[in-house]
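> I'll drop the sequence and a predicted model, then ask my questions.
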Amino acid sequence: MTTILCRLTGPRCSLWRYGAVIKRETHSRTSHVIPQGRARLLAGGGRPLTGYSRAQSRRQHTEAAAAVEVDLKRLEGKDDGIVEVLMCRHKARNALGNVFVSQMRQVVSTLYNDSAVRVVIFRSLVPGVFCAGADLKERALMNNSESDLFVHGLRSLMTQIALLPTPTIAAMDGVALGGGLELALACDLRAAANSAQMGLIETTRGLLPGAGGSQRLPRMIGVTLAKELIFTGRRVGGQTALEMGLINRVVEQNQTGDAAYREALSLAREILPQAPIAVRMAKEAMNRGMEVDIGSAMAIERMCYARVIPTRDRQEGMAAFIQKRAPRYTGE
């Protein structure tokens, strides 16, 4: 497997030709991050997730080598610890094609054991779009078994995002439909522009949400309302989504079209100063506790709390309180 290293040179991800710098991995899911000016960028990569023919796989591999569809940017300075996953499949409106999904999987996998990561923001560099959902042109070329295998991989990707140990925020500055909304639902928090349109529209295409949407949406907004949205395939705007509890924050769109991103960054900056191990354990306690009965959930909370007690950050928090100063957490 190879990782394509790229540099973000403006509002678009870099395009690489055959002379691109390619660095081979020595581990199956290890990626390399290099400094690039004020930010460090990582390009996604990976092998196809479907049972395509060799010719299709070769074509997709060539496409993957030619263009980066998902990138990663590590902020620095006062925002050190905030990482942005950048979706930049411009021609297809971030549609969930094979290359896009493979690169997203590769990028997300690099974040799991990185203790320097404290908050992850998923954002789009495509104007007016968060993620348009399935790539129907690619799906039309798949037979039934290939389609089932691809959707299984897509479902696995959303679970991979949901299981990231750090808080995740979706910055929805535009359309988030079908799998695009499922990606946002896999995040912990969501900020959206009031002009954004979102919905699980699969029933209008003869399908049902298959990447976790039929399970995450009812848990988020209640089963009755979720059924109404999924049965009708209805799209809702940012303000309506806020009232439903589908998103956390809604903002007026600005002239540069990135108001939701700016709101997500503001939210990330609120999380950033908090004790990182405590935040991770709080996320684990809530996520695991929501899936079991209250007695088992209390046991999960106790287990997570026990993992925080011996940390230096807890000692620092107590010392800062006594000394009446701001704590300086190190994640230890």
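Okay, I see it.

> ranges for the helices of the stretch 51-200 of the chain?
Applying DSSP state H, counting those that start in this stretch to the stretch 51-200 of the chain gives helices spanning 54-66, 98-109, 136-139, 144-162, 179-185.

> the second one packs against which elements?
Secondary-structure packing of helix 98-109 (3 or more Cβ pairs under 8 Å, 6 or more residues apart in numbering; DSSP states H and E): helix 54-66, strand 70-74, strand 82-87, helix 144-162. For every residue, glycine as well, the C-beta is placed using N, CA and C.

> below-threshold pLDDT in the stretch 51-200 of the chain: ranges please.
Scanning the stretch 51-200 of the chain for pLDDT under 70 picks out the ranges 51-66.

> about what we covered before: out of the helices of the stretch 51-200 of the chain, nearest to residue 218?
helix 179-185 (10.6 Å; Cβ to Cβ).

> from residue 118, how far out is residue 270?
As judged by Cβ to Cβ, to the nearest Å, residue 270 and residue 118 stand 12 Å apart.

> with residue 268 instead?
8 Å.

> need the overlap of contacts for these two.
Common contacts of residue 268 and residue 118 (Cβ atoms under 8 Å, 6 or more residues apart in numbering): 82, 167.

> any chance of the backbone angles for residue 166?
phi -90, psi 160 (degrees, to the nearest 10).

> which residue packs closest to it, ignoring adjacent ones?
Nearest non-adjacent residue to residue 166, counting by Cβ to Cβ, 6 or more residues apart in numbering: residue 117, 5.4 Å away.

> walk me through the domains of the chain.
70-272, 276-323 (the TED database).

> center of the protein, which residue is that?
When Cα atoms, centre = their mean is applied to the chain, the residue found nearest the centroid is residue 122 (4.6 Å).

> my guess is it meets residue 188, correct?
No: counting by Cβ atoms under 8 Å, residue 122 does not reach residue 188; the two are 10.6 Å apart.

> if I look at the two, which residues touch both of them?
168, 169.

> so what's residue 311 up against?
Contacts of residue 311 (Cβ under 8 Å, 6+ apart): 275, 277, 278, 332.

> how about 7 Å then?
277, 332 (Cβ atoms under 7 Å, 6 or more residues apart in numbering).

> ok, now residue 250?
192, 194, 238, 239, 242.

> so what pLDDT did the fourth one get?
Spelled out, it's residue 239. pLDDT for residue 239: 96.

> host element of it?
helix 238-244 (DSSP states H and E).

> give me the nearest residue to residue 252, chain neighbours excluded.
Closest to residue 252 by Cβ to Cβ, 6+ apart is residue 194, at 5.8 Å.

> neighbours of the one you found, just the number please.
Residues lying near residue 194 (other Cβ atoms under 10 Å) number 16.

> what does residue 91 give?
9.

> distance check, it against residue 100.
Relative to residue 100, and taking Cβ to Cβ, residue 91 is found at 11 Å.

> repeat for residue 138
10 Å.

> re earlier: among the domains of the chain, which is the most enclosed?
Most buried of the domains of the chain, by mean neighbour count (mean count of other Cβ atoms under 10 Å): domain 70-272, with a mean of 20.

> how long is that domain end to end?
24 Å (Cα to Cα, to the nearest Å).

> so how far is that domain from its chain's centroid?
Counting by Cα atoms, centre = their mean, to the nearest Å, domain 70-272 is centred 6 Å from the centre of its parent chain.
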